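1. Attaching a predicted model along with its sequence, questions to come.
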Amino acid sequence: MEGGGAQPSLQLVYQAVQALYHDPDPSGKERASCWLGELQRSVHAWEISDQLLQIRQDVESCYFAAQTMKMKIQTSFYELPTDSHASLRDSLLSHIQNLKDLSPVIVTQLALAIADLALQMASWKGCVQTLVEKYSNDVTSLPFLLEILTVLPEEVHSRSLRIGANRRTEIIEDLAYYSSTVVSLLMTCVEKAGNDEKMLIKIFRCLGSWFNLGVLDSTFMANSKLLSLLFEVLQQDKTSSNLHEAASDCVCSALYAIENVETNLPLALQLFQGVLTLESAYHMAVAREDLDKDPVWEALQAVWTSNLEFLSLPIQVVEISFNFWYRLGEHLYKTEDAVIHGIFKAYIQRLLHALARHCQLDSDHEGVPEETDDFGEFRMRVSDLVKDLIFLVGSVECFAQLYATLKDGNPPWEVTEAVLFIMASIAKSVDQENNPTLVEVLEGVVRLPETVHTAVRYTSIELVGEMSEVVDRNPQFLDPVLGYLMKGLCDRRLASAAAKAIHNICSVCRDHMAQHFTGLLEIARSLDSFALSPEAAVGLLKGTALVLARLPLEKIAECLSELCAVQVLALKKLLSQEPSNGLSSDPTVPLDRLAVIFRHTNPIVENGQIHPCQKVIQEIWPVLSETLNKHSADIRIVERCCRCLRFAVRCVGKGSAALLQPLVTQMVSVYRAHQHSCFLYLGSILVDEYGMEEGCRQGLLDMLQALCIPTFQLLEQPSGLQNHPDTVDDLFRLAARFIQRSPVTLLRSQVMIPILQWAIAATTLDHRDANCSVMKFLRDLVHTGVANDHEDDFELRTELISQVLRQLGQQLVSQLLHTCCFCLPPYTLPDVAEVLWEIMQSDRATFCRWLENSLKALPKETSGGAIQVTHKQLTDFHKQVTSAEECKQVCWALRDFTRLFR
């Protein structure tokens, strides 16, 4: 089904829509979807959508047309000449009136289209007044009028519309001016609605939308009957869930709107009193377990937190309060006022004990606590909350109080387990100095008999893992702790938790654990005999490698060889297998395990000493090389191989020199056939390690140039940058490493200008990692012309950078400015500011001229005829940037300026 360049017939469009919704063949649906997507992006979509809405043949075609019209107004409004805007508005208003009874979703799409048009169409003055005057007297038109007035404030800050700060300010002032008209309309609608639930829902949604925009006069609203009606609806037991949700959402919107209580005191008092009237309705809903009416309790918690009543309620209700506690804790942490902290301390203590009760498993629960079900996720959120609030009560005191509840009584197992769980959450924050409670807890836990409930053993093992610093300070407990954890490791239900705890002990107690390396090695050799999760197995190997690095240098090579032997043997076995024998030939597990061993085996090697891991890695290289060749087409396995090689190179540093040529040769060879971006990343590691070695520079440049050829071919494909962000990320990481380690080598090369041209093109890429790498490369590139002026090659670097900027500097500045205004999200602006700052540092006068030319090229009006940016705003921005004395001033100027285009 091809539309071509000409406008397709309506019959063809109908066929495609029917296929999209009704074709039983999924491939037919997919073809129809692609064809209709292309149609929506074409200029023909305007006329076709209008015709479909006029004909009103069926719901599907009307929905497609309404959705298309909304999308075109949001993204392609510039396609229409200014003199057609008024006729488009009249047409849309006619369509929504004619289609108001066909389908609510169609009405919503058309309402969004009208709202988006109003926001962009500068010539449509007082749109709210126009709509209210035209439709408020017709009862049948009120539903779609309310829909338009609901979405209009919501769309003001829509990311789909780039109307700019000037137009946005103008619109907000206009909506504030007409807000009383909307409130009056809503009151009229209430009188006409009677008991019509659907109409009341629309009224409350509309009111909430205007509250959210922050344009309603708080004093006026404090005396409005609409506010009283909201609480009347919430108080009534017979209120349906849908109406209840709409009313409670509206109350919450009002509460958020009065965040500054002092300036909105009348409305704040009315809302406070209104929420207090809901207590009986709240208890009634909880008693009936009517949890569909929960949203309003978000408001209630702000009033009732002081008596912590809700903490005795079901966890679905308790969990609603977590955001409040987070924000309260954050606020108290910032105040650093001991008196205020003291006021809240008792409440936080009660909260922690209440949370411990809520974390209790059922008394008939069997096995270990589940971490992935709803209750397990609730417990994880409790753990996070406890960690955030513990500073208010003091971790030492809280830990002692929790332990006292276990020591002084004989609680049921589920109480013990829950208390241990909370203790594990705060164990790391407890001060280790002169704290006998910690030692007593550790001693008590490792003496727990194997007959206690499995869940208690599981959580006690987690607690021991969190108390690894206590073990490090009290090494006399190391043997009993390891004995306790080994028992857990041999129990399939507890094995992963025990492995994680051993990993923690190894990480913290590395010196003390050196004497136990033989035992760790035995565990590592028989890793697959334990019932471990992949993460737990890798964690055990990490812990073992950390301890290995603390052994005497003369022992490390032999021990590393033994530690790697099992994984190397597994790889060799997989390589010898015939692919057709039905057995898995996936080498990812041994590769991941070797990678973690290399990554964390970091012994201290003095200058002149041969790295103890060098020989082992050279022996393993042929197996890794063969694995890479065998699976060269499989990105998942190739990435594991490259990761393993990356950590091997990092492990021994320049001791891997013997691998450099065969590794680079293989990388380039495989990359020609399969453009896996991980080879570019691995190349950046090699440049980082060897780029400052004179004898390696030319070979590394040859590698870069060889890798660039297929990379550029990949990026030249349609949407190449967007489809391959990982390649962009890794390419410019490699280029940045070259600039850092051997700038002159790259600057003199033929590949320099093409790389910079691709960097300029890639600045538009809205991908966090890729864009960060591009900006870092550009920053480092320009900075190398002014950095390290004491070095012999400084003048040469400065001249080479000047040559590059003379050729592409204007293009780079123009692209960066355009990118900030039209392509990138605000979080990228600090990176862009750094690049602009560095260009300015290299040649301020020339940069001023480049920036002026770039500003002149920006559009001064929106496609809807509104002022995008004034001459004064342009000159102010130019002055702010060019007179900046710090990079952060450039960033601030950029942040304010780009709002004019968002």
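-> Thanks, I have it.
2. distance between the helix or strand containing residue 679 and the chain's centre?
-> Assigned by DSSP states H and E, residue 679 belongs to helix 678-690. Distance, stretch centre to chain centre, for helix 678-690: 27 Å (Cα atoms, centre = their mean, to the nearest Å).
3. So, low pLDDT: which residues of this protein?
-> Of all residues in the chain, those with pLDDT under 70 make up the ranges 1-4, 285-315, 317, 579-584.
4. remind me, longest helix of it?
-> Longest helix in the chain by number of residues, with DSSP state H as the criterion: helix 794-822.
5. Residues contacting the next helix-or-strand element following that helix, please?
-> Proceeding N to C from helix 794-822, the next assigned helix or strand is helix 829-842, under DSSP H and E. Here helix 829-842 makes contact (Cβ atoms under 8 Å, 6 or more residues apart in numbering) with 763, 771-772, 775-776, 778-779, 782-783, 785-786, 801-802, 805, 809, 812-813, 816, 819-820, 824, 847, 850-851, 881-882, 884, 887-888, 890-891, 894-895, 898. C-beta: built from backbone N, CA, C; applies to glycine.
6. Then stretch 764-774?
-> Stretch 764-774 is contacted from outside by 721-722, 725-726, 728-733, 736, 759, 762-763, 815, 818-819, 823-825, 827-828, 831, using Cβ under 8 Å, 6+ apart.
7. ok, 6 Å please
-> Outside of stretch 764-774, the residues within contact range by Cβ atoms under 6 Å, 6 or more residues apart in numbering are 721, 725, 728-729, 732-733, 759, 762-763, 819, 823-824, 828.
8. sorry, back to before: for the helix holding residue 679, name the packing helices and strands.
-> Taking 3 or more Cβ pairs under 6 Å, 6 or more residues apart in numbering; DSSP states H and E as contact, the helices and strands that helix 678-690 lies on are helix 635-652, helix 725-741.
9. Going by neighbour count, which residues in that helix are buried?
-> 678-690 (16 or more other Cβ atoms under 10 Å).
10. ok so, going back, which of the contacts of stretch 764-774 sit farthest apart?
-> The two members of those with the most space between them (Cβ to Cβ) are 733 and 823, at 21.0 Å.
11. These two: which is more packed in?
-> Per other Cβ atoms under 10 Å, whichever of residue 733 and residue 823 has more neighbours is residue 733, with 24 against 14.
12. Pull up the gap between residue 271 and residue 220, please.
-> Plainly put, residue 271 is 14 Å away from residue 220 if you go by Cβ to Cβ, to the nearest Å.
13. For residue 607, which three-state class applies?
-> At residue 607 the chain is in coil, as set by DSSP: H, G, I helix; E, B strand; the rest coil.
14. Hmm, residue 461 and residue 498 touching each other?
-> Yes. The pair residue 498 / residue 461 is scored as a contact, 5.4 Å apart, by Cβ atoms under 6 Å.
15. Put the alpha carbons of the strand or helix carrying residue 759 into CSV.
-> Following DSSP H and E, one finds residue 759 within helix 752-762. Below are the C-alpha coordinates for helix 752-762, written out as CSV (Å, rounded to 0.1, in the frame of the first residue of the first chain):
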residue,chain,number,x,y,z
MET,A,752,40.1,14.9,12.1
ILE,A,753,37.7,17.0,9.9
PRO,A,754,35.3,14.2,9.1
ILE,A,755,35.1,13.3,12.8
LEU,A,756,34.4,16.9,13.7
GLN,A,757,31.7,17.2,11.0
TRP,A,758,30.0,14.1,12.4
ALA,A,759,30.3,15.6,15.9
ILE,A,760,28.5,18.8,14.7
ALA,A,761,25.8,16.7,13.1
ALA,A,762,25.4,14.5,16.2
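16. Buried only: go through the contacts of helix 829-842 for me.
-> Buried by 16+ other Cβ under 10 Å: 763, 771-772, 775-776, 778-779, 782-783, 785, 801, 805, 809, 812-813, 816, 819-820, 824, 847, 850-851, 881-882, 884, 887, 890-891, 894, 898, out of those.
17. can you list the domains in the chain?
-> Domain assignment for the chain by the TED database gives 217-307, 308-430, 439-550, 785-901.
18. Serialize these to CSV and add fields for distance to residue 211.
-> Output for the domains of the chain, formatted as CSV (distance: least, Cβ to Cβ, whole Å):
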stretch, distance to residue 211
domain 217-307, 4
domain 308-430, 19
domain 439-550, 45
domain 785-901, 24
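19. highest average neighbour count across those domains?
-> Stretch with highest mean neighbour count among the domains of the chain: domain 439-550 (a mean of 19; mean count of other Cβ atoms under 10 Å).
20. First-to-last residue distance for that one?
-> End-to-end distance of domain 439-550 (Cα to Cα, to the nearest Å): 26 Å.
21. Equivalent analysis for stretch 706-726, please.
-> End-to-end distance of stretch 706-726 (Cα to Cα): 18 Å.
22. So for that stretch, what gets flagged as buried?
-> For stretch 706-726, using 16+ other Cβ under 10 Å, the buried residues are 706-708, 710-712, 714-715, 720-721, 724-726.
23. Can you tell me which of those is nearest residue 873?
-> Nearest to residue 873, judged by Cβ to Cβ, of those is residue 721 at 30.8 Å.
24. Return the helix or strand containing that closest one as PDB; C-alpha atoms alone will do.
-> Using DSSP H and E, residue 721 maps to helix 720-723. Extracted in PDB, the C-alpha atoms of helix 720-723 (Å, rounded to 0.1, in the frame of the first residue of the first chain):
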ATOM      1  CA  GLY A 720      21.700   6.700  11.000                       C
ATOM      2  CA  LEU A 721      22.500   8.900  14.000                       C
ATOM      3  CA  GLN A 722      19.100   8.200  15.600                       C
ATOM      4  CA  ASN A 723      19.200   4.500  14.900                       C
END
